[in-house]
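Visitor: here's my sequence, what's the structure:
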Amino acid sequence: MTDSTFEAIGAGSIAAHSIGTAITGPVTVLPAELLNSARDVQAPAGLTNLPPLPLCFGRTSELGSLHGTLGQSTAGTAVVQGLGGVGKSTLALAYAHGHRSDYNVTWWIAAASPVHIEQSLADLALRLIPVWAGSASTEERVAWAMLWLQWHPGWLLIFDNVEDSADLQPYVSTSSVLSR
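Guide: Predicted coordinates for the structure are as follows:
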């Protein structure tokens, strides 16, 4: 290696010859046994928190399009967007109810704000590992739920009522997500 000097300029700047680990935001630390439990805990068959399905007529084409996107083994993200009141939530809910058997977990996330998203994910942890999650902080439960999602394929998250798409950034990189 050379004897180079580095200069960091500005708030939050980093200068180094090499960096093994860089943490740039808040961190939630979970004990090793919880890290392992995220891998080992299996969801009960058909785990869901879906609201009841309202009447949904005539959306066959849109439902088929969603299934074409999300029904593939390499599915990622589908976005349902439009003006308020046109039935985006109903469409997402109809898809989720119609394809519940395709997923190990189908989870409805109230996504009007980051706090709502975190609470919905914390509720997922509470359903999957209630003994621990009942006394854990929201941040710990969210971290555990995200780790669980990374370990387990075959789930569907529906982010409903997203006001700011930037709120989804920490959550949409892992598997099937349906948002509106």
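Visitor: tally of neighbours for Ala145?
Guide: The number of residues packed around Ala145, counting by other C-beta atoms under 10 Å, is 25. C-beta: built from backbone N, CA, C; applies to glycine.
Visitor: could I get the full set of helices for the chain?
Guide: For the chain, helices defined by DSSP state H occupy the ranges 32-40, 60-70, 88-98, 114-128, 130-133, 138-151.
Visitor: in the first one, what's buried?
Guide: For helix 32-40, the buried set under the neighbour-count rule, 16 or more other C-beta atoms under 10 Å, comprises Leu34, Ser37, Ala38.
Visitor: and the angle from that helix to helix 114-128?
Guide: 80 degrees (axes from the mean of the first three to the mean of the last three C-alpha atoms, to 10 degrees).
Visitor: quick one: mean pLDDT over helix 32-40.
Guide: Across helix 32-40, pLDDT averages out at 88.
Visitor: now it, how far from the centre of its chain.
Guide: Between the centre of helix 32-40 and the centre of its chain there are 18 Å (C-alpha atoms, centre = their mean, to the nearest Å).
Visitor: got the angle for that helix vs helix 138-151?
Guide: For helix 32-40 against helix 138-151, the angle by the same axes, to 10 degrees is 40 degrees.
Visitor: Ile117: neighbour count?
Guide: Close neighbours of Ile117, defined as other C-beta under 10 Å, add up to 21.
Visitor: with adjacent residues omitted, what lies nearest to the residue most central in space within the chain?
Guide: By C-alpha atoms, centre = their mean, the chain has its centre lying nearest to Tyr171, at 4.3 Å. With C-beta to C-beta, 6 or more residues apart in numbering as the measure, Ile117 is the residue that lies nearest to Tyr171, at 6.8 Å, once sequence neighbours are left out.
Visitor: got a list of what the one you found touches?
Guide: Listed by C-beta atoms under 8 Å, 6 or more residues apart in numbering, the contact partners of Ile117 are Ile109, Ala110, Ala111, Phe159, Asp167, Leu168, Tyr171.
Visitor: most neighbours, which of these?
Guide: That'd be Phe159 among these, by other C-beta under 10 Å, with 26 neighbours.
Visitor: surely it is in contact with Pro170?
Guide: No. No contact is recorded between Phe159 and Pro170 when judged using C-beta atoms under 8 Å, the distance being 11.6 Å.
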